[in-house]
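1. quick one, structure for this:
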Amino acid sequence: MTAATAPTATGETRLPPAPPARQAAGRRWPLARHSLTLARRNLTKTLRNPGELADAVILPVVFLVLFVYLFGGAVAGSTQAYLQYLFPGILVLTTVLTGQVATGLSIVQDMKKGVFDRFRSMPVPRASLLLGSVLADAVRYVIALVVLFAVGYALGFRVETGLVPALAACGLAIVLGFSLSWLTVLVAVLLRNEIMVSTIGFLLPFPLVFGTGMAAPVETMPGWLQAWAEVNPVSRAIDAVQGLLLGGPVAGPATATLLASGIFLAVFGTAAVVAYRRVV
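-> Here you go, the predicted structure:
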């Protein structure tokens, strides 16, 4: 069924205005709509420049192979046993550490090139400009995790629980990475310098990632490091992922991880949006 047309005074034919329901749908959830559109734009940039994805994909694999074959025999007695122990921690490292820098660099480049200035002249919520970049990173996390599992299985790692718990482990790691990425967003908005964002964005998560039992049992660490590992939210994430992949307690560590992720998102996300509104 075709829409009726009406001639104008100049003889042109115009379509009638969109129905009210369609107009209302176009105005609904502007933050979500614009954020998803900008996320698609960032993913298109990544496809045209695959180097932006290389760090997030290659670095976790390098850590996995390096740790397994250098420390596997000393820590666990065999590389196979150490691979089973190490893999959950590397999975969390993939989203917490390796994907953060790309977020900050993308935002800094867009700010310097005037992309955000052009968006300011449009009816686009300010927060969607930042949220779009972070959502695009969530897709990059998925790609990195797929590659990590492929390499892990090639080396001999095996999930001991099932497909659904393994997917839940990936989802939990992505949620934590998504919330922590707002810290890098905040740094990018405040500094607006590619070199400083690259350095700081890579180093900031290090105490969170390596102050855990990821590479070695917490009991073997000095007392002060054990104390930090006990309160470190990434430690709880690794415990939860380990339980989901290999079996063990899940409810407590997963709840603690989700709670910490909510706090990170509320604090760093709000600070990043406020800082962005002040500097642009």
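
2. and Gly248, how many neighbours?
-> 13 (other Cβ atoms under 10 Å). From N, CA and C alone the C-beta is placed, and that goes for glycine too.

3. ok, it - contacts?
-> Counting by Cβ atoms under 8 Å, 6 or more residues apart in numbering, Gly248 touches Asp239, Gln242.

4. give me the phi and psi for it.
-> Gly248 adopts backbone torsions of phi 140, psi -180, taken as degrees, to the nearest 10.

5. how much space separates the closest residue to Leu36 other than its chain neighbours from Ala81?
-> Nearest residue to Leu36, sequence neighbours excluded (Cβ to Cβ, 6 or more residues apart in numbering): Leu135, at 6.9 Å. To Ala81, Leu135 is 38 Å away according to Cβ to Cβ, to the nearest Å.

6. among the two, which residue is more densely surrounded?
-> Using other Cβ under 10 Å as the criterion, Leu135 and Ala81 rank with Leu135 on top: 20 against 13.

7. can you list the weak-confidence ranges in the stretch 151-280 of the chain?
-> Counting by pLDDT under 70, the stretch 151-280 of the chain has low-confidence residues at 279-280.

8. spell out the residue ranges of the helices in it.
-> 163-191, 194-203, 206-210, 223-231, 233-246, 251-264, 270-279 (DSSP state H, counting those that start in this stretch).

9. and Lys112, which of these is closest to it?
-> The closest of these to Lys112 is helix 194-203. By Cβ to Cβ, the value is 8.4 Å.

10. buried residues in the closest one, which are they?
-> Residues of helix 194-203 classed as buried by neighbour count (16 or more other Cβ atoms under 10 Å): Val197, Ser198, Ile200, Gly201, Phe202.

11. look up the closest residue to the third one, ignoring the ones flanking it.
-> For Ile200, ignoring the flanking residues on the chain, the nearest one in space by Cβ to Cβ, 6+ apart is Val187 at 5.4 Å.

12. my guess is the one you found contacts Phe202, does it?
-> No: using Cβ atoms under 8 Å, Val187 and Phe202 do not qualify as a contacting pair, with a distance of 10.7 Å.

13. check contacts around the closest residue to Tyr276 other than its chain neighbours.
-> Among residues not flanking Tyr276 along the chain, Val189 sits closest, at 4.8 Å (Cβ to Cβ, 6+ apart). Residues in contact with Val189 (Cβ under 8 Å, 6+ apart) are Ile107, Met111, Leu130, Ala272, Ala275, Tyr276, Val279.

14. give me the buried entries from those.
-> Neighbour-count burial (16+ other Cβ under 10 Å) applied to the contacts of Val189 gives Ile107, Met111, Leu130, Ala272, Ala275, Tyr276.

15. need the max-distance pair from those.
-> Met111 and Ala272 (12.6 Å).

16. for the strand or helix carrying Gly132, buried residues please.
-> If you go by DSSP states H and E, Gly132 is part of helix 126-155. Neighbour-count burial for helix 126-155 flags 126-141, 144-145, 147-149, 151-152, 155 (criterion: 16+ other Cβ under 10 Å).

17. tell me which other helices or strands that helix touches.
-> When contacts are defined as 3 or more Cβ pairs under 8 Å, 6 or more residues apart in numbering; DSSP states H and E, helix 126-155 sits against helix 30-48, helix 51-76, helix 79-96, helix 100-112, helix 115-120, helix 163-191, helix 270-279.

18. pretty sure Ile90 contacts Leu64?
-> Yes: contact criterion Cβ under 8 Å: Ile90 and Leu64 qualify, at 4.9 Å.

19. what do these two both touch?
-> By Cβ under 8 Å, 6+ apart, Ile90 and Leu64 have these common neighbours: Leu148, Gly152.

20. looking at those two, which has the bigger crowd around it?
-> More neighbours surround Ile90 than the other of Ile90 and Leu64, with 27 against 23 (other Cβ under 10 Å).

21. Val68 versus the more buried one, what's the distance?
-> Taken as Cβ to Cβ, the span from Ile90 to Val68 is 9 Å.

22. how about Val218?
-> Val218 is 19 Å from Val68, by Cβ to Cβ.
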